[in-house]
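> the amino acid sequence is not available; the structure is as follows:
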């Protein structure tokens, strides 16, 4: 490979990105060295197996990816702000909308959701950690280095350019001869394997590690949503892994799975991708439904209305999510019977979602509502998500979809579902559970300022796209002429995108302000909470629970506060066993990064060496005898006294 093919050249913005990467990297390295933090970083974070710290790293990675994907969005909106703009050329625009979709869904929404899972689920079910702490660390580093492999493509080798769905034959070597789609297939495989391991880990954790007395129908709604989500992961992600492996064989080893000739079938890719892709939508939305359920109940000061129907509706959604995938390609000639079947199932999945909407509204009815920042996101979610759902039913009609498909109407619908349904959910959860991680709240005034900027910016950016789509503006269009009449609404949408970006800046500033100035309240619960995770001090110690709670009802903590029902067994503290930290998950992630990188460029000898190193790492792990360490009753008592600020 020639040097100019290895490094992407020719674009001033890419040169600026290279310079910024170098400058930021040097600043981080110099800062860590100057403040002598390398040892701390290795001991406390890079080698941690504590589910709470792993959750924090997931969330931090997601926020960084939100910035990267947001910059891509601003570049696209700038290009479309006016007719015949020359800000981006066609190839660069293709690369940007491809990476924007992949990053926002797989490297922002997924890790944000999984990060909140890691922080909250063990606390809600009364567990000291997840079932497999070291596997949890492996899952994170597989995701992280998969994301890094994907992100370096825009300066080394070139970004994928066949859309975030990577449809064949467009994603084949014939039409995409650069290595961009090699990055796509390998980076998503690496991170997807990490997600699959997360699914196994949390299913086992929830089914086998609940506190005494916590039956399934006593679990908090967020934990229920996580259990159902991880069951979907277990069935959906192997399909993506197989599809990406076949894609890798087609592009690197010359096989013919998705070609137009020699027995290949390009539509096979579309079917495999969407068999995973539509359940993926519910993988990132169902946990947000659980978050909203806990938040609405907490800040309405009421029990969640229709607990059993909420659980049942999520189970029905999970089942139906696997039989709607063909609505993504109604226009590709499947036939009347096939389109009719998938049209009916797509409309049917709106019914259990509607059940949840009404349950939230009935929970709010006659509640003593506190308009905190998390509650504002939950309240905004209901009407905005309903718009996304109603337009989804419009798209579900196969005959009408011939008009809507591939237009900006579809883009608007997609964002009206995922941004209020997922982004609002994870931001609300981050504000809600932030005190459990760090022991203090984020600033409420800044939080509400960011909320209003995000909500106003979002609607200003995406509502015009419905009308642009109905006027005939197709998606993936990188420029248009003045006589189309698309200019004014596109300008409005671009202004909205920049308002949304300002909201994100305020959100990030909130972290800085709160870490520096927010009061540390060590006494009492940060929110008037009704869920079990609040039975722990804030911040939560490494062992989570000094004594594992004994759950006697669905609202055990509330009854303990109001009616004096004991939540813990009487008696002294017992020693607690905790797993040791380990550097192996991090090292394994680094090796997988290089394995993927070598395969991207078909450097087979170093790839084989990296593959052997992976096998060696796994073999060495099988010979280890990690007995962990014990925390003595005296240490537990001292920690509890310090955290709670009272005598033990």
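Right, received. Where do you want to start? Since we're looking at a predicted model, the values are computed, not measured.
> three-state assignment of residue 257?
coil (DSSP: H, G, I helix; E, B strand; the rest coil).
> nearest spatial neighbour of it, skipping sequence neighbours?
residue 246 (4.4 Å; C-beta to C-beta, 6 or more residues apart in numbering). In short, each C-beta sits where N, CA and C put it, glycine included.
> swap in residue 372?
residue 299 (5.8 Å).
> check which helix or strand covers the one you found.
Residue 299 belongs to helix 266-300 when assigned by DSSP states H and E.
> so which bits of the helix or strand that that helix is followed by are buried?
Once the chain leaves helix 266-300, the next helix or strand it forms, by DSSP H and E, is helix 307-320. Across helix 307-320, burial judged by 16 or more other C-beta atoms under 10 Å covers 307, 310, 311, 313, 314, 316, 317, 318, 320.
> packing partners of helix 307-320?
With contacts taken as 3 or more C-beta pairs under 8 Å, 6 or more residues apart in numbering; DSSP states H and E, helix 307-320 sits against helix 221-252, helix 266-300, helix 350-364.
> average pLDDT across the shortest one?
Predicted confidence along helix 350-364 averages 93 (mean pLDDT).
> do the same with the first one
Taken as a whole, helix 221-252 has an average pLDDT of 95.
> what angle sits between that helix and helix 350-364?
Angle of helix 221-252 versus helix 350-364, following axes from the mean of the first three to the mean of the last three C-alpha atoms, to 10 degrees, is 150 degrees.
> around residue 238, how many other residues sit close by?
15 (other C-beta atoms under 10 Å).
> pLDDT score assigned to the closest residue to residue 68 other than its chain neighbours?
Closest residue to residue 68 apart from its sequence neighbours, by C-beta to C-beta, 6+ apart: residue 103 at 5.7 Å. We have a pLDDT of 95 for residue 103.
> hmm, residue 103 is touching residue 65, no?
Yes - between residue 103 and residue 65 there is a contact at 5.3 Å, judged by C-beta atoms under 8 Å.
> give the residues shared as contacts by the two.
With contacts taken as C-beta atoms under 8 Å, 6 or more residues apart in numbering, residue 103 and residue 65 have residue 147 as neighbours in common.
> just to revisit the earlier point, what count of nearby residues applies to the residue nearest to residue 372?
Number of residues near residue 299 (other C-beta under 10 Å) recorded here: 25.
> gap between it and residue 226?
Note on residue 299: its distance to residue 226, by C-beta to C-beta, to the nearest Å, is 21 Å.
> for this protein, which element, helix or strand, carries the lowest mean pLDDT?
helix 3-6 (a mean of 59; mean pLDDT, DSSP states H and E).
> so which residues of the stretch 351-500 of the chain form helices?
For the stretch 351-500 of the chain, applying DSSP state H, counting those that start in this stretch gives helices covering 373-396, 398-404, 408-418, 424-438, 444-470, 487-517.
> out of those, which is the most enclosed?
A comparison of the helices of the stretch 351-500 of the chain by mean neighbour count, using mean count of other C-beta atoms under 10 Å, puts helix 424-438 on top with a mean of 25.
> helices and strands around that one, which ones?
Using 3+ C-beta pairs under 8 Å, 6+ apart, helix 424-438 sits against helix 51-80, helix 110-125, helix 266-300, helix 373-396.
> tell me the angle of it relative to helix 373-396?
Going by the same axes, to 10 degrees, helix 424-438 makes 150 degrees with helix 373-396.
> which stretches of the protein have low pLDDT?
For the chain, the stretches flagged by pLDDT under 70 are 1-11, 14-15, 520-532, 534, 561-564, 644-648.
> how does it divide into domains?
With domains defined by automatic domain parsing, the chain comprises 1-36, 37-644.
> so of these, which one's packed in deepest?
The most buried one of the domains of the chain (mean count of other C-beta under 10 Å) is domain 37-644, showing a mean of 19.
> helix or strand: which one has the most far-flung residue of the chain relative to its centre?
For the chain, the largest distance from the centre (C-alpha atoms, centre = their mean) belongs to residue 571, which lies 41.4 Å off. Residue 571 belongs to no helix or strand when assigned by DSSP H and E.
> state the distance from it to residue 544.
Taking C-beta to C-beta, one finds residue 571 at 19 Å from residue 544.
> swap in residue 511?
Counting by C-beta to C-beta, the gap from residue 511 to residue 544 is 24 Å.
> got it, and residue 186?
From residue 186 to residue 544 the distance is 36 Å (C-beta to C-beta).
> quick one, helices of the stretch 501-648 of the chain?
556-562, 584-600, 604-623, 633-644.
> what helices or strands is the first one leaning on?
When you say that, I think you mean helix 556-562. For helix 556-562, there is no helix or strand it packs on, judged by 3+ C-beta pairs under 8 Å, 6+ apart.
> and of the helices of the stretch 501-648 of the chain, who's closest to residue 431?
Distance to residue 431, taken as C-beta to C-beta, is lowest for helix 556-562 among the helices of the stretch 501-648 of the chain, at 20.3 Å.
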